[in-house]
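Trainee: just coords:
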């Protein structure tokens, strides 16, 4: 059965495949546009097939009376952060496309992960009529994947973005920024230790604000480029060359 959600993604897959075929014929096989359209076709085909198999996550309704009353609505307590993350990934991809750096691939990776998480959330929200059971089901499926992946991505993101900021600033400025950031991290750790009952909304706000500031600074630093770094050891090489010339003169 072709469900309503799968029809949309099948339409996107069809248009992308037709566009890819026409573009290949008209452009003579230009690589960038061909890869983009092929990627779009494959990415749209994945949720289309998944929605056909899962039947849009519909659950059989018990009882003829309930079936006659129409589809059951399901309450959800899941967070709705995926649209914002998709917008963030799209923005990073556009910046990377304009600057020609690795940010394009970072933005595309964020979009792919966001699409996958969004699909799993949509399936889990309609798995049963119990929101708590849906949440447990979603966590059982995703936590073994999310926790290690988030740890690796978080460490890599902090190292990459912060290094871009430090390399873009002058030597003195990078030292000052490193001290300020380290002091801020220490202050937040002390605050969390002194107030163990701090609300989760405050913690989430602090983490999100820090992440946004770090990513924004990394993007600005990557666009600005690295500062000129003086090479050390040039004088030592010159001294060795002069010493060799003096030795040859004495030998002559």
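Mentor: Arrived safely, thanks for sending. All values reported here derive from a predicted model rather than from experimental measurement.

Trainee: Tell me the predicted confidence for residue 144.
Mentor: Looking at residue 144, its pLDDT stands at 90.

Trainee: number of nearby residues for it?
Mentor: Neighbourhood size, residue 144 [other Cβ atoms under 10 Å]: 10. Any C-beta I mention is one placed from the backbone N, CA and C, and that applies to glycine too.

Trainee: Then the one 4 residues further on?
Mentor: Neighbour count for residue 148, taken as other Cβ under 10 Å: 10.

Trainee: Which strands and helices lie in contact with the helix or strand where it lies?
Mentor: Using DSSP states H and E, residue 148 sits in helix 131-168. Applying 3 or more Cβ pairs under 8 Å, 6 or more residues apart in numbering; DSSP states H and E, one finds that helix 131-168 contacts helix 103-125, helix 171-194, helix 200-224.

Trainee: Mean neighbour count, those helices: which tops it?
Mentor: Ranked by mean neighbour count, the helices and strands packed on helix 131-168 are led by helix 103-125 with a mean of 18 (mean count of other Cβ atoms under 10 Å).

Trainee: Show me the shaky parts of this protein.
Mentor: Applying pLDDT under 70 to the chain picks out residues 1-5, 55-80, 200, 229-252.

Trainee: Just want the most central residue of it.
Mentor: Nearest to the mean C-alpha position of the chain, by Cα atoms, centre = their mean, lies residue 110 at 2.9 Å.

Trainee: For that one, which non-adjacent residue is spatially closest?
Mentor: Distances taken as Cβ to Cβ, 6 or more residues apart in numbering put residue 89 closest to residue 110, at 3.1 Å, once the chain neighbours are dropped.

Trainee: ok so, going back, pretty sure the residue nearest to the centre of the chain is touching residue 92, no?
Mentor: Yes. Using Cβ atoms under 8 Å, residue 110 is in contact with residue 92, at 6.4 Å.

Trainee: List the contacts of residue 174.
Mentor: Residue 174 is in contact with 165, 166, 167, counting by Cβ atoms under 8 Å, 6 or more residues apart in numbering.

Trainee: What about those, which one has the most neighbours?
Mentor: Ranking the contacts of residue 174 using other Cβ under 10 Å puts residue 165 first, with 22 neighbours.

Trainee: My read is that that residue contacts residue 217, right?
Mentor: Yes. Residue 165 is within contact range of residue 217, at 4.5 Å (criterion: Cβ under 8 Å).

Trainee: and the strand or helix carrying the residue nearest to residue 110, what does it pack onto?
Mentor: Using DSSP H and E, residue 89 falls within helix 82-99. In this structure, helix 82-99 makes packing contacts with helix 103-125, helix 200-224, judged by 3+ Cβ pairs under 8 Å, 6+ apart.
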